[in-house]
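1. Here is my input, please return the structure:
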Amino acid sequence: MKKKFFMKNLLFFIVPVLIPVLILGLYVSYIMDNHVVTEINARNTYELISYASTIDSLMGELERLHTSLSTNPAMILSLKKMLSESKYGLSAEDYKTLNAIIDLLYASSNSNPYIESLYVYFNVSSDYFISSTNRLSDFNYFYDTDWYNIYQSYYDVPVNVWTEYRTINRYKVEKFPTRVLTIYRKIFSSGKKEPDGVLVLNVKANEVNKLLNSLSINPEKNIFVLDLQEPMVIFNNNRFTEDLAGLASFNSKDILDTNEAVFNYETDEGYYTINKIASSVYNWEYVSAIPYNTLYRVPLMLKRFTVFLISTAILISLAIAYYFANKNYEDIKNILNIIERASQGENLDRLPAAANDVYSYILHNIVKTFLENDYLQVQLSERKYHMRTLELLALQSQLNPHFLFNTIETIYWKVMALSGKPNEATQMIENISDILHYSLDSDDEMATLSKEIGITKSYLDIQSVRYKNQFNTVWDYSPEIKNIRVVKLLLQPLVENSIYHGIKPKDGYSLIRVKIRLIEGIVIITVTDTGIGMSRQHLSKVKDMLKTGEQESSEHIGLYNTNKRIKLTYGEQYGLHIRSKKNLGTAIIISIPAMQ
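-> Residues are numbered from 1 along each chain as shown. Coordinates of the predicted model:
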């Protein structure tokens, strides 16, 4: 058994002994490999940023024009006014102003050799727009108008900027139309959701592709630009056309879906290292791709040399692993002895204050677990004690109300004996006894409306003695509702609220009206009083209490508890609603489903 245990631990410790050796053997190779790869990726990224900066600078004319219009509302208003009036003819002064604005807008675009044309269109005119090649232009006579239909198809689409390839025929007999990349950008006025118009930039795609060819230093580097909205290549150098674009396994969407800025992309011809950055102007990504073996030629040579070093390290580490396995056998044996003593409940030896190695760490955790188990046992005993105490308190709380009920019964017979006949005091005792008996009956949490009405009338009889000639109660209900079951003590808190908060503070006579209706399976209970009512501030405070379920004081506790019980019984969609006006009165409305 000892030999078998020793061999298992020997195999187990070979791996941790080898790991430092392997790390040491790989360290130099890793440092060189990582440094070279990082340097190469940084250089590629820097070159790509340079390409992107150049192209964005050339293509940024649309954004500069949009910024000019966005920051100059007066210019937009002038353009819209003159375009809307163009079909009736412009005055010499307006025409002069229009040309001045056009010169200002198109100052830089006319000198940009990569821009074919730039249009500005506002919805106020369906006949005219502004063109960098023809200034004020009429749709009926202009050679390029299909962009207008595309803008109309995107009018309600929640996209502000989009691109597409088009061809432009300046003349009907032109044999070689100009292929352009058209960039659309909607124009919005402040505070409006619908676009006021559109800016259209036509870019000479072939000229941009030639620019990418001139910028590229490495002849094996693929450079291209992807549109994120419509996954497609919008610009590229010649190498991309000859190399990556011709591979059947190449899919630009795979590159867009990858979140990393630098990663390896697998194709039929092997791996390519991809670098990509986002455009600072449009929803584009600039991408460079170089064959992996070409880009990392030097690091690959270093890896082959590293294999030789690791092979040598493995031989040395085997000898070291054998040595450490023998050395640590005694430590393993010590751990097993401690585990056995802990399982038998024996006291454990005092451990050092800190764990210096893996075995000390294991020993500390064994002792910690042993102590935690003892602590959990103590906690369990305390919780059992608390549960027993709560059970006794619950039994005591059941005895106290019955003692009160029996005491009231004794007082009733004592008053009857002293007076010799029923009187107002015995009637009040009978009423309070009925209410207590009704509320303490825990067999059923529900009761019929008939019983609810009876108990509420008993409560009102008691209050009518105290507040004699101060209020009267009117009941309005049909016999069909009497057998409907509702939660207990639903009506009593409502009339109590009317008495204590509406009628008691008022000088003079008041009226309480209790109305119960059954409408399409819903019981609607309305309790209205002609008391002092509530101010707007007080009413808002009560409504917030009922809505949030948070009670800050004992005021209106009957309403709070009743609303809470209704929601718990029937659901959150049901509850209590209150209306009130100062010096006019208060109405409380409850809507609950009818239950037989």
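2. Just give the nearest non-adjacent residue to Leu83, would you?
-> Using CB to CB, 6 or more residues apart in numbering and skipping residues adjacent in sequence, the residue nearest Leu83 is Ser125, 4.1 Å away. Quick note: C-beta positions are derived from backbone N, CA and C, even for glycine.
3. Secondary structure element for that neighbour, which one?
-> Under DSSP states H and E, no helix or strand contains Ser125.
4. thought it was touching Lys81?
-> No - if you go by CB atoms under 8 Å, Ser125 and Lys81 don't touch, sitting 10.1 Å apart.
5. more neighbours, the two?
-> Neighbour totals were compared for Ser125 and Lys81, and Ser125 leads with 19 against 15 (other CB atoms under 10 Å).
6. where does the stretch 451-596 of the chain dip in pLDDT?
-> Low-confidence segments of the stretch 451-596 of the chain (pLDDT under 70): 551-554.
7. And the next helix or strand past the helix or strand bottoming out on mean pLDDT in the chain?
-> Confidence across the helices and strands of the chain bottoms out at helix 358-419, with a mean of 58, counting by mean pLDDT, DSSP states H and E. From helix 358-419 onward toward the C-terminus, using DSSP H and E, the following helix or strand is helix 424-440.
8. what's in contact with the helix or strand following that following helix?
-> Next along the chain after helix 424-440, taking DSSP H and E as the criterion, comes strand 446-448. Residues from elsewhere that reach strand 446-448, judged by CB atoms under 8 Å, 6 or more residues apart in numbering: 438, 482-488, 595.
9. So which of the residues you listed sit within helices?
-> Tyr438 (DSSP state H).
10. of the contacts of strand 446-448, closest to Asn561?
-> Val487 (10.9 Å; CB to CB).
11. and that closest one, what does it touch?
-> 445-447, 565-566, 569.
12. Any chance of a ChimeraX selection covering the buried ones in those?
-> Buried members of the contacts of Val487, defined by 16 or more other CB atoms under 10 Å, are picked up in ChimeraX with:
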select :447,565,566,569
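13. What is the nearest of the contacts of Val487 to Asp196?
-> So of the contacts of Val487, ranked by how close each gets to Asp196 (CB to CB), first place is Ile566, at 53.6 Å.
14. That closest one reaches His577, doesn't it?
-> No - applying CB under 8 Å, one finds Ile566 not in contact with His577, separated by 10.8 Å.
15. on that earlier part again, okay, among the contacts of Val487, which ones form the most distant pair?
-> Across the contacts of Val487 (CB to CB), the longest gap, 14.4 Å, separates Ala447 and Ile566.
16. Please parse the protein into its domains.
-> Per the record, the chain has its domains at 2-58+298-336, 60-206, 216-295, 458-593, by automatic domain parsing.
17. other SSEs contacting the helix or strand Tyr184 falls within?
-> Assessed by DSSP H and E, Tyr184 sits inside strand 178-187. If you count contacts as 3 or more CB pairs under 8 Å, 6 or more residues apart in numbering; DSSP states H and E, strand 178-187 packs onto helix 61-70, strand 115-122, helix 146-153, strand 161-168, strand 197-204, helix 205-215.
18. What's the local residue count around the nearest residue to Ile217 once chain neighbours are set aside?
-> In space, not counting the residues next to it along the chain, Ile217 is nearest to Glu47; the distance is 7.0 Å by CB to CB, 6+ apart. Look at Glu47: counted by other CB under 10 Å, it has 18 neighbours.
19. In three-state terms, label Glu47 for me.
-> helix (DSSP: H, G, I helix; E, B strand; the rest coil).
20. quick one: it from Ala261, how far?
-> According to CB to CB, to the nearest Å, Glu47 stands 14 Å off from Ala261.
21. Please apply the same query to Ser53.
-> Taking CB to CB, one finds Ser53 at 16 Å from Ala261.
22. try Thr448
-> Taking CB to CB, one finds Thr448 at 74 Å from Ala261.
23. same check, this time on Asn41
-> 9 Å.
24. Now render the contacts of Val487 as JSON lines, adding distance to Asp507.
-> Shown next, in JSON lines, are the contacts of Val487 (distance: CB to CB, whole Å):
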{"residue": "Glu445", "distance to Asp507": "40"}
{"residue": "Met446", "distance to Asp507": "40"}
{"residue": "Ala447", "distance to Asp507": "36"}
{"residue": "Arg565", "distance to Asp507": "34"}
{"residue": "Ile566", "distance to Asp507": "33"}
{"residue": "Thr569", "distance to Asp507": "38"}
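25. closest to Thr586 among the contacts of Val487?
-> Distances from Thr586 to those, taken by CB to CB, are shortest for Ile566, at 18.1 Å.
26. Shouldn't that closest one be within a helix?
-> Yes - remark: Ile566 belongs to a helix, assigned using three-state DSSP.
27. quick one: contacts for it?
-> 487, 490, 574-576, 590, 592.
28. Now with 7 Å, please.
-> 487, 574-576, 590, 592 (CB atoms under 7 Å, 6 or more residues apart in numbering).
29. What's the end-to-end length of stretch 222-235?
-> 11 Å (CA to CA, to the nearest Å).
30. Buried ones in it, by neighbour count?
-> Buried, per 16+ other CB under 10 Å, within stretch 222-235: 222-227, 234-235.
31. Same question for stretch 40-60.
-> Residues of stretch 40-60 classed as buried by neighbour count (16+ other CB under 10 Å): 40-41, 44-45, 47-48, 51-52, 55-56, 58-60.
32. all strands for the stretch 451-596 of the chain, in order.
-> 471-476, 485-487, 510-519, 522-529, 575-581, 585-593 (DSSP state E, counting those that start in this stretch).
33. so which of these gets nearest His556?
-> Taking the strands of the stretch 451-596 of the chain one by one with CB to CB, strand 575-581 is closest: 9.1 Å.
34. contact partners of the closest one?
-> Residues contacting strand 575-581 (CB under 7 Å, 6+ apart): 533-534, 539, 542-543, 546, 559, 562-563, 566-567, 586-590.
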